[in-house]
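K.L.:
can you look at this prediction? I've put the sequence above it.
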Amino acid sequence: MEPTPPFPDINSMISRLRWSLLLLLTACAVNPATGRRELSLVGEDREIAMGREADIQITASLGLAGGPELQRYVSDLGDRLAVVSERPQLPWSFKVVDDPAVNAFALPGGFIYLTRGILAHFESEAELAGVLGHEIGHVTARHSVSQMSRQQIFSVGLGLGALVSERIRSTGDYLGAGLQLWGLKFSRDDESESDALGLRYISRLGYDPESLVGVFRMLAAVSGESEGRVPQWQLTHPYPENREADIRALIAAGDGGGGEEVGRDAYLDRIDGLLYGENPREGFFQGSRFVHPALAFEADFPPGWTGVNQRSLVAAVSPDERAVVVLRLSDAEDPGAGLRAFLGQEGIAGGRIREDRAGGFERRRATFEADGDEGGVQGEAAFLAMDGQVYSFVGYASSGEWRKHEDAVGRAISSFARVTDRELLDIQPWTLKVVTLGEAMSLRVYHEREGVPVPVEELARLNRVRADDVLLAGTRVKGVAGAPLPGH
């Protein structure tokens, strides 16, 4: 039996508490956007450095979309809004990233991103300005910096408490969970504050404040009906309808100014031809079959597994989430060198390397075991070459589950094949097509006449009308041009 450790020295504890209190007092600063004194343990130089570092990773991971003209358009509008904010001196950066999801986000230091997916759903330049203003608000109010500072203080507080009380030490996990829930509520407050700041900034440039109402209604439509949603207190964002109500109250109070600028036609001109939806050139699933037209390969993942396609990899996860198989490009010189480097990593024990030329490819494969955070894992790794590229194909599961999934992973690795079907190799992505109706008609009629590849309900959401509403001749609408994917 180990001896019971002595109680910590009370004078030492008091000294540490005094330093913590001093840290709290000296780290308070005036928030430039709100005028409140707030805790801040991250200086502006560090804030900018963190944003720059993450910007490199995000840009490389997602890529940019829309071409230089669209990038310049969004960047110029963002710069105009940033100039009228409380932190114009930051190295502001505004980018459209190649992601079909409806999203926008900001990093510390002024690095802001909008997806091409959200651009497709905007109706005007004023709506674009409203979302840019919202993201600028996150930066000017230093929301991410405040979150990091609070997390550091929470860590210090729980650490000191654990010295004093065995009870606090034993319930630290529960306290951490409680603090996370509090953080979610604070994050919703951040979102509401950024909505108000975005309203402030667009009003300074004369944009119609009602544009933000349009954004919230779009978000509500994209996120689906309210039935079945998780409670708002579990979310990081307030429900769109609640955000709309708050903004309407601010507008009614005169906070939105009297701006009238909307810029619908100018905006539609900018997004005409923008990539829409998933880009099949970067790969797509047909059931369990994955096809990558740009790289001219295909692979069959285990049936019933959930496929995941990202810019840097494609993967499938077993229904019980106990196994995964991942395919990606490797920077190895050849399959043998790639596999040897993989098996040579610390903590990995590899089996015998064997040669496999299934499908006519040079392939090296081996089973392996590795240490994991929650126990050991077992799997199979393979490296193969095609057209001067080396690919890695790795599948694994926990040691106790591997035998159940071993054959499925092995078949997936062996399934890698070259695509020769010209229809697949030549497939192209869908694009937005802004058209002017030559006669009065509903979107349902337009959808049938033009053979639009997306469901009519999706087309209606894009244009914020009902599918059977009759639109006047001369109305500009967003269509989608392209052919359905083979097999869909």
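P.N.:
Cool, got the structure. Residues are numbered from 1 along each chain as shown.
K.L.:
tell me where the stretch 201-350 of the chain is predicted with low confidence.
P.N.:
By pLDDT under 70, the weakly predicted segments of the stretch 201-350 of the chain are 225-237.
K.L.:
redo that, cut-off 80
P.N.:
Within the stretch 201-350 of the chain, the segments meeting pLDDT under 80 span 224-239, 256-258.
K.L.:
what about the helices in it?
P.N.:
Here the stretch 201-350 of the chain has its helices, by DSSP state H, counting those that start in this stretch, at 211-223, 240-252, 264-271, 335-343.
K.L.:
for residue 293, grab phi and psi.
P.N.:
Main-chain torsions, residue 293, degrees, to the nearest 10: phi -60, psi -40.
K.L.:
then residue 46?
P.N.:
According to degrees, to the nearest 10, residue 46 has phi -70, psi -40.
K.L.:
pull the number of nearby residues for it.
P.N.:
14 (other C-beta atoms under 10 Å). Yep, even glycine has a C-beta here, placed from its N, CA and C like the rest.
K.L.:
do residue 371 as well
P.N.:
11.
K.L.:
what do you get for residue 346?
P.N.:
6.
K.L.:
and for the one 3 residues further on?
P.N.:
Residue crowding around residue 349 was assessed by other C-beta under 10 Å; the count is 12.
K.L.:
now it. Nearest residue, chain neighbours left out?
P.N.:
Nearest residue to residue 349, sequence neighbours excluded (C-beta to C-beta, 6 or more residues apart in numbering): residue 369, at 4.8 Å.
K.L.:
secondary structure class for that neighbour?
P.N.:
Under DSSP: H, G, I helix; E, B strand; the rest coil, residue 369 falls in the strand class.
K.L.:
re the thing from before, closest one to residue 286 among the helices of the stretch 201-350 of the chain?
P.N.:
Set against residue 286 and scored by C-beta to C-beta, the helices of the stretch 201-350 of the chain come closest in helix 211-223, at 25.6 Å.
K.L.:
contacts only, for the residue nearest to residue 222 when sequence neighbours are not counted.
P.N.:
The shortest distance from residue 222 to any non-neighbouring residue, by C-beta to C-beta, 6+ apart, is to residue 102 (5.1 Å). By C-beta atoms under 8 Å, 6 or more residues apart in numbering, residue 102 lies in contact with 115, 117-118, 121, 219, 222.
K.L.:
who's in contact with the residue lying closest to residue 255 once chain neighbours are set aside?
P.N.:
The shortest distance from residue 255 to any non-neighbouring residue, by C-beta to C-beta, 6+ apart, is to residue 199 (6.1 Å). Residues counted as contacts of residue 199 (C-beta under 8 Å, 6+ apart) are 130, 133, 209, 212, 247, 250-251, 255-256.
K.L.:
can you check residue 282 too?
P.N.:
With C-beta under 8 Å, 6+ apart, residue 282 has these contacts: 292, 294, 309, 311.
K.L.:
can you give the distance of stretch 329-345 from its chain's centre?
P.N.:
Its chain's C-alpha centre and that of stretch 329-345 lie 30 Å apart, by C-alpha atoms, centre = their mean, to the nearest Å.
K.L.:
now do the same end-to-end measure for that stretch.
P.N.:
In stretch 329-345, first residue to last residue: 18 Å (C-alpha to C-alpha, to the nearest Å).
K.L.:
show me the strands in the stretch 101-250 of the chain, by range?
P.N.:
Here the stretch 101-250 of the chain has its strands, by DSSP state E, counting those that start in this stretch, at 104-107, 111-115.
K.L.:
out of the ones you listed, which gets nearest to residue 474?
P.N.:
Of all the strands of the stretch 101-250 of the chain, strand 111-115 comes closest under C-beta to C-beta, at 29.3 Å.
K.L.:
for the record, mean pLDDT for the closest one?
P.N.:
The pLDDT scores in strand 111-115 average 94.
K.L.:
from the contact counts, what lies against that strand?
P.N.:
Using 3 or more C-beta pairs under 8 Å, 6 or more residues apart in numbering; DSSP states H and E, the elements in contact with strand 111-115 are helix 44-62, strand 93-97, strand 104-107, helix 125-140.
K.L.:
what pairs with that strand, parallel or antiparallel?
P.N.:
Here strand 111-115 has these sheet partners by DSSP bridges: strand 93-97 (parallel), strand 104-107 (antiparallel).
K.L.:
give me the pLDDT for residue 370.
P.N.:
pLDDT, residue 370: 89.
K.L.:
er, residue 362 actually
P.N.:
87.
K.L.:
from residue 352, how far off is it?
P.N.:
Residue 362 sits 17 Å away from residue 352 when distances are taken as C-beta to C-beta, to the nearest Å.
K.L.:
returning to what we had before: dump the helices of the stretch 201-350 of the chain to TSV, plus mean neighbour count and distance to residue 48.
P.N.:
Putting those into TSV (neighbours: other C-beta atoms under 10 Å; distance: least, C-beta to C-beta, whole Å) gives the following:
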stretch	mean neighbour count	distance to residue 48
helix 211-223	20	28
helix 240-252	16	29
helix 264-271	17	29
helix 335-343	19	36
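K.L.:
mind putting these into a markdown table with distance to residue 400?
P.N.:
As requested, the helices of the stretch 201-350 of the chain are exported to a markdown table (distance: least, C-beta to C-beta, whole Å):
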| stretch | distance to residue 400 |
| --- | --- |
| helix 211-223 | 39 |
| helix 240-252 | 44 |
| helix 264-271 | 51 |
| helix 335-343 | 22 |
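K.L.:
neighbours of residue 135, how many?
P.N.:
For residue 135, the count of nearby residues is 24 (other C-beta under 10 Å).
K.L.:
what's near enough to touch it?
P.N.:
104-106, 112, 114, 194, 198.
K.L.:
at 6 Å what do you get?
P.N.:
104, 106, 112 (C-beta atoms under 6 Å, 6 or more residues apart in numbering).
K.L.:
from residue 332, how far out is the last one?
P.N.:
Taking C-beta to C-beta as the measure, residue 112 and residue 332 are separated by 36 Å.
K.L.:
quick one: distance of stretch 319-332 to the chain centre.
P.N.:
On C-alpha atoms, centre = their mean, the centre of stretch 319-332 falls 20 Å from the chain's centre.
K.L.:
how about the residue most central in space within the chain: what's its closest non-neighbour residue?
P.N.:
A centroid search over the chain (C-alpha atoms, centre = their mean) returns residue 103, at 7.1 Å, as the residue closest to the centre. In space, and not counting its chain neighbours, residue 103 is closest to residue 115: 4.8 Å by C-beta to C-beta, 6+ apart.
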